[in-house]
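Asker: please find the sequence and the predicted model below.
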Amino acid sequence: MRSNDYCTQAVTDLGSVDALAWDALVARAGGGPFLRHAFLHALQATGCVGPGSGWTPQFVLLRQGDALAAAAPLYAKDHSYGEYVFDWAWAEAYPRYGLAYYPKGLVAVPFTPVGGARLLAVDSAARSALADALLAHAQARGWSSLHVLFAPSEENDLLAQRGLLLRHGVQFHWHNMAGGYDSFDHFLAALTQPKRKKIRAERRKVREAGVTLERKRGRDIGEADWHLFYQCYCATYAAHWSTPYLNEAFFQRLGQCMPEHLLLVVARRDGRPVAASLGVHDAAGPGGRLYGRYWGALEPIDCLHFECCYYQMIEFAIEQRLAAFEGGAQGAHKLARGLDPVPTRSAHWVAHEGMREAIGRFVARESAGVDHTLEELQEHRAFRDAGAPPA
């Protein structure tokens, strides 16, 4: 398909796309490590997405001549698992009116509730053309809907101009102060006394339980470390009667193809490993971000989750002078531990006119409630100057 001098292509195998060209778009858009070719292709190469997963890659590319001008990580979905913007109620409503909700289209990073560019493009013209191409792709395949998750404001505005509904959400992120905290104690000093006392008590409980922590980075994370981490990761899913989205081959591959982005925290008691958490980060220094992504424990230890998933990550972010640490989806308990509420947005195109009107009314009510909740949460930040915006 050809439009405005762009040739549009849909590919099912990201391995067929030049990695350098893809990553150049990611770098231009500030897409972060999860949009990198290595990360997305690792998901597909290890079978985490693809046949039998309910995630069918249909990456949309725009080319100008031989050059890659724009691209989007598009998937055809047969379910709504692994998205973190929940549309189960919409899916349940469709059959009651004799309609099919699946398949649907999803522009997102699978299993990853992290914000960032979704419409990767060399310029605004290519980005606009890509938005049009995505809608045309969804319409041509007869999908019920198209969803673009955790995109930045400028992309959401572009999509809203094309009639997509904007949905509001909340996450919790830790922010480094202007100039950077000098230490974890420096960060604690910015909190109210009760919150500071609570965090110190939680860290003390972990120490008194005989737990020691080790942080490993990059190629220092060996095959045995990945095996241990995966055991922990699976144990936590099993404790919740659930099945992991990701397999051990994915994590092993990640350690090989993008080690410079990885931080592994290993907890041991009496010399034996008992838990592990994995963070992914982009560039070190001002502007860089750390993303707390995966965690698991082999035995229950009070407050160990907070230590591995929050406090070790915050310490690392301070040491590396990163701008922020994103603690993952949901969890108002993070507010008491120095993470701030921040708004998220997603954009949704609904093909059926009647369902679009009904979902639009729902989204408007939900978004008003989320915005009110966000205002209330801002008033209960852990910091002494609780009413001030994040540093």
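Answerer: Done, it's in. On a predicted model such as this, the values are computed, not experimentally measured, just so you know.

Asker: I figured residue 152 was touching residue 116, is that so?
Answerer: Yes. With contact defined as Cβ atoms under 8 Å, residue 152 and residue 116 form a contacting pair (7.1 Å). (C-beta placed from N, C-alpha, C; glycine too.)

Asker: neighbour count winner among the two?
Answerer: Neighbours were counted for residue 152 and for residue 116 using other Cβ atoms under 10 Å; residue 116 has more, 22 against 16.

Asker: just the pLDDT at the more buried one, thanks.
Answerer: Looking at residue 116, its pLDDT is 94.

Asker: helix, strand or coil for it?
Answerer: At residue 116 the chain is in coil, as set by DSSP: H, G, I helix; E, B strand; the rest coil.

Asker: now do the SS call for the residue nearest to residue 209 when sequence neighbours are not counted.
Answerer: Once flanking residues are discounted, residue 209 sits nearest to residue 301: 5.3 Å by Cβ to Cβ, 6 or more residues apart in numbering. Put simply, residue 301 is coil when judged by three-state DSSP.

Asker: going forward, count from 28.
Answerer: Noted, 28 is the first residue going forward, which turns the last one into residue 328.

Asker: residues in contact with residue 328?
Answerer: Counting by Cβ atoms under 8 Å, 6 or more residues apart in numbering, residue 328 makes contact with 233, 236, 238, 294, 296, 301, 302.

Asker: quick one: it and residue 391, what's the gap?
Answerer: Residue 328 sits at a distance of 44 Å from residue 391 (criterion: Cβ to Cβ, to the nearest Å).

Asker: and for residue 269?
Answerer: From residue 269 across to residue 391, the span is 33 Å (Cβ to Cβ).

Asker: okay, those two: which has more neighbours?
Answerer: residue 391 (14 against 10).

Asker: wait, a strand at that one?
Answerer: No. Residue 391: not assigned to a strand; according to three-state DSSP it is helix.

Asker: what's the closest non-adjacent residue to residue 129?
Answerer: Nearest residue to residue 129 in three dimensions, chain neighbours excluded: residue 105, at 5.1 Å (Cβ to Cβ, 6+ apart).

Asker: actually residue 246, not the one I wrote
Answerer: residue 286 (4.9 Å).

Asker: shaky segments in the chain?
Answerer: Applying pLDDT under 70 to the chain picks out residues 28-31, 311-312, 413-418.

Asker: and the helices in it?
Answerer: Assigned by DSSP state H, the helices in the chain fall at 46-56, 64-72, 115-123, 151-167, 180-187, 211-216, 220-235, 250-266, 275-284, 331-333, 339-346, 380-405.

Asker: thinking again about what came up before, hang on, the residue nearest to residue 129 packs against residue 81?
Answerer: Yes. Assessed by Cβ under 8 Å, residue 105 is found in contact with residue 81 at 4.2 Å.

Asker: give me the more crowded residue out of those two.
Answerer: Per other Cβ under 10 Å, whichever of residue 105 and residue 81 has more neighbours is residue 81, with 18 against 14.

Asker: residues contacting that one?
Answerer: 104, 105, 106, 108.

Asker: relative to residue 138, how far out is it?
Answerer: Separation of residue 81 from residue 138 (Cβ to Cβ) stands at 12 Å.

Asker: please apply the same query to residue 309.
Answerer: Separation of residue 309 from residue 138 (Cβ to Cβ): 18 Å.

Asker: cool, and residue 150?
Answerer: Residue 150 is 30 Å from residue 138, by Cβ to Cβ.

Asker: these two - which one has more neighbours?
Answerer: Comparing residue 150 with residue 138 by other Cβ under 10 Å, the one with more neighbours is residue 138, at 20 against 11.

Asker: show me the contacts for the more buried one.
Answerer: Shown in contact with residue 138 (Cβ under 8 Å, 6+ apart): 70, 75, 109, 272, 273.

Asker: tally of neighbours for the residue nearest to residue 243 when sequence neighbours are not counted?
Answerer: Distance criterion Cβ to Cβ, 6+ apart; nearest residue to residue 243, sequence neighbours excluded, is residue 291 at 4.6 Å. Close neighbours of residue 291, defined as other Cβ under 10 Å, add up to 23.

Asker: partners of residue 291 in the sheet?
Answerer: Note on residue 291: beta-bridge partners residue 243, residue 305, judged by DSSP bridges.

Asker: how close does residue 150 get to residue 96?
Answerer: Distance, residue 150 to residue 96, using Cβ to Cβ: 8 Å.

Asker: same question for residue 61.
Answerer: Separation of residue 61 from residue 96 (Cβ to Cβ) stands at 22 Å.

Asker: bridging residues for the closest residue to residue 36 other than its chain neighbours?
Answerer: Leaving aside its chain neighbours, residue 36 sits nearest to residue 88 (4.6 Å; criterion: Cβ to Cβ, 6+ apart). Counting by DSSP bridges, residue 88 is bridged to residue 36, residue 98.
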